[in-house]
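Participant: quick one: sequence plus predicted model below, questions after.
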Amino acid sequence: MRILKCLDGLGRTVFFRSISTDESQITLDLSNLIPAVYYIQIESTDNTVTLPFVKM
């Protein structure tokens, strides 16, 4: 099981959800976010990956 988080520019969690290990693609509804810089963070038991994105 993995955890996906969306963080705002201050590092606060905007939303999160669990991702099963067999999911290779997911769709996120970002329509409720205001324009800003955010970060997608995916946590697994042995690794964490954080990637920035800009909501226009």
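Facilitator: That came in fine, so what should we check first? Residues are numbered from 1 along each chain as shown.

Participant: for the chain, which segments count as helices?
Facilitator: Using DSSP state H, the chain contains no helices.

Participant: not counting residues beside it along the chain, what's closest to Arg50?
Facilitator: No Arg there; residue 50 is Thr. Gln41 (4.5 Å; Cβ to Cβ, 6 or more residues apart in numbering). In this view, the C-beta of every residue, glycine as well, is placed from N, C-alpha and C.

Participant: what sits against that neighbour?
Facilitator: With contacts defined as Cβ atoms under 8 Å, 6 or more residues apart in numbering, Gln41 is in contact with Leu4, Lys5, Cys6, Leu7, Thr48, Val49, Thr50, Leu51.

Participant: and the first one, how close does it get to Ile26?
Facilitator: If you measure Leu4 against Ile26 using Cβ to Cβ, to the nearest Å, the figure is 7 Å.

Participant: anything in contact with each of those two?
Facilitator: With Cβ under 8 Å, 6+ apart as the test, Leu4 and Ile26 both reach Ile19.

Participant: relative to Ser20, which of the contacts of Gln41 is nearest.
Facilitator: Leu4 (11.1 Å; Cβ to Cβ).

Participant: what's the burial count for the closest one?
Facilitator: Using other Cβ atoms under 10 Å, Leu4 has 16 neighbouring residues.
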